[in-house]
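J.: Sequence isn't available, so here's the structure alone:
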């Protein structure tokens, strides 16, 4: 899966308070969750724009 998106554009149409404000953070932690299932990740790249 390749995820490339612009959160400012995606959240601009949403009603304030309908999403987690942490989505708009410019810095912080990144978590990969499997919710109890086996999940494997490889070749993870995060780049700053």
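T.: Arrived safely. Keep in mind that this is a model prediction, so the values were computed, not measured. Numbers count the residues shown, from 1 in each chain.
J.: Might you list the low-confidence residue ranges for the protein?
T.: For the chain, the stretches with pLDDT under 70 are 1-4, 49.
J.: Strands of that one, start to end?
T.: Counting by DSSP state E, the chain has no strands at all.
J.: Excluding residues flanking it in the chain, which one is nearest the spatially most central residue of it?
T.: Per C-alpha atoms, centre = their mean, the C-alpha nearest to the average position across the chain is that of residue 23, at 6.6 Å. Once flanking residues are discounted, residue 23 sits nearest to residue 7: 5.9 Å by C-beta to C-beta, 6 or more residues apart in numbering. Glycine gets a C-beta too; all of them are placed from N, C-alpha and C.
J.: Can you tell me how far the one you found is from residue 33?
T.: According to C-beta to C-beta, to the nearest Å, residue 7 stands 18 Å off from residue 33.
J.: Quick one: the helices in the chain, in order.
T.: 7-12 (DSSP state H).
J.: re earlier: quick one: neighbours of the residue nearest to residue 23, just the number.
T.: Residues within reach of residue 7, counting by other C-beta atoms under 10 Å, total 11.
J.: Wait, it touches residue 25, no?
T.: No: using C-beta atoms under 8 Å as the test, residue 7 is too far from residue 25 to be in contact (9.6 Å).
J.: residues bridging contact with the two, i.e. touching both?
T.: By C-beta atoms under 8 Å, 6 or more residues apart in numbering, residue 7 and residue 25 have no common neighbours.
J.: List the contacts of residue 19.
T.: Applying C-beta under 8 Å, 6+ apart, the residues near residue 19 are residue 11.
J.: so how far is stretch 21-36 from its chain's centroid?
T.: 6 Å (C-alpha atoms, centre = their mean, to the nearest Å).
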